[in-house]
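In: Here's a sequence, model it:
(one chain, ligands or ions: 2)
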Amino acid sequence: MNAAKRRIAVLASGRGSNLQALLDAIADGRLDADIVGVFSDKPAAPVLQRVPDALRWSRDARSYADKADYERELGDALAACAPDWIVCAGYMRILGDALVERFRGRMLNIHPSLLPKYRGLKTHARALEAGDAEHGASVHFVTPELDAGAVIAQARIPVLPGDDPESLARRVLEREHPLLVAVLQWAVSGRLNERGTTVAVDGHTLFTPLHLDCAGRLAPPGTE
Ligand SMILES: Nc1nc2c(c(=O)[nH]1)N[C@@H](CN(C=O)c1ccc(C(=O)N[C@@H](CCC(=O)O)C(=O)O)cc1)CN2
Ligand SMILES: NCC(=O)N[C@@H]1O[C@H](COP(=O)([O-])[O-])[C@@H](O)[C@H]1O
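Out: Ligands and ions are numbered 1, 2, ... in the order given. Sure, this is the predicted structure:
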């Protein structure tokens, strides 16, 4: 692990394909960073198997009578690996205010909808139920209010005839991977800052999210 590189910690609860996208980007030189820890609320989560044992931290969050005790331990473990950025990648718990404020401004989340549409869960089913013509994914700063943080970038896909929640989730996930890598590339390069309820890119306030183009690059909206 190169000490000069930016340090990324990942919170996840499931299979970890977004973590794998970061690992693959690091391995082939597309992301100049190190994964310094993977943290899960589910000790059996497959995501943990994607990194060496030394990088794993997990506790069964349901075994804690007090959520604050779990999040204090999680926060201390996160702080111990001195992350520059923390990525929620399929982390399926609502983070308490104290933990969010402890890492405010360097905690990101990838969410499977075009925020502010469909905060929370079951986003694909909700987009289909609404008859949306397009759907997608967003990367945003994490704030105490669920999925309400400043949106940095989005990837859009058309909703196709015959789509069901599963087919839509698969196609969104395919776009999540390059989206998350692209945002982390900008983050570890020092180009992103949370500025209140907005995002600053290269010191300039971003009034609408960046768009992931078909080549997997971030571009200002309207240039796709
Ligand atoms: N304080 C915040 N916490 C989290 C955010 C956030 O923006 N602010 N993003 C989420 C990720 N997420 C969607 O992207 C999300 C995760 C979990 C839930 C949820 O309702 N979970 C339930 C069920 C938990 C369980 O059964 O294990 C819950 O926690 O009650 C909604 C959206 C990460 N956290
Ligand atoms: N509300 C949070 C949420 O639903 N996040 C979603 O969980 C999946 C994790 O996949 P992965 O484990 O393969 O990266 C991703 O689709 C991510 O957007």
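In: how about the helices in this protein?
Out: Applying DSSP state H to the chain gives helices spanning 17-27, 67-80, 97-102, 123-130, 165-188.
In: Can you name the residues bridging to residue 199?
Out: residue 194, residue 206 (DSSP bridges).
In: tell me the contacts of it?
Out: Listed by CB atoms under 8 Å, 6 or more residues apart in numbering, the contact set of residue 199 reads 141, 150-152, 192-193, 205-206. Every C-beta, even on glycine, is put in place using the N, C-alpha and C of the backbone.
In: let's see it at 10 Å
Out: Contacts for residue 199 (CB atoms under 10 Å, 6 or more residues apart in numbering) come out as 139-141, 149-153, 192-193, 205-210.
In: Out of the helices of the chain, which is closest to ligand 2?
Out: In terms of CB to the nearest ligand atom, the element of these nearest to ligand 2 is helix 17-27, at 3.1 Å.
In: Pull the residues that contact that closest one.
Out: 5, 8, 10-12, 16, 30-35, 38, 46-48, 50-51, 87-90, 110, 137, 173-174, 176-182, 184-185.
In: And those, which of them are buried?
Out: 8, 10-12, 16, 30-31, 33-35, 38, 47-48, 50-51, 87-90, 110, 137, 173, 176-182, 184-185 (16 or more other CB atoms under 10 Å).
In: contacts with ligand 2 among those residues, please.
Out: Among those, the ones lying near ligand 2 by CB under 6 Å from any ligand atom are 12, 16, 47, 89-90, 110, 137, 173, 176.
In: now, the most widely separated pair of those?
Out: Farthest-apart pair in those is 47 and 137; separation 17.7 Å (CB to CB).
In: For the residue of the chain found nearest ligand 2, what are phi and psi?
Out: With CB to the nearest ligand atom, the shortest gap between the chain and ligand 2 falls at residue 90, namely 2.6 Å. According to degrees, to the nearest 10, the main-chain angles of residue 90 amount to phi 80, psi 30.
In: Residue 191 against residue 203, yeah?
Out: Yes. Contact criterion CB atoms under 10 Å: residue 191 and residue 203 qualify, at 9.0 Å.
In: In terms of packing, which of these two has more residues around it?
Out: Neighbours per residue, other CB atoms under 10 Å: of residue 191 and residue 203, the larger number sits with residue 191, 14 against 8.
In: What residues does this structure have near ligand 2?
Out: So the chain meets ligand 2 at 12, 14-18, 47, 89-90, 110-112, 121, 137, 173, 176 (CB under 6 Å from any ligand atom).
In: list the contacts for the closest residue in space to residue 119 that isn't next to it in sequence?
Out: Leaving out its chain neighbours, the residue that sits closest to residue 119 by CB to CB, 6 or more residues apart in numbering is residue 147, at 3.7 Å. Applying CB under 10 Å, 6+ apart to residue 147 gives the contacts 94, 109, 111, 113, 115-116, 118-121, 123, 138, 140.
In: Could you check how far residue 147 is from residue 37?
Out: Distance of residue 147 to residue 37, computed by CB to CB, to the nearest Å: 23 Å.
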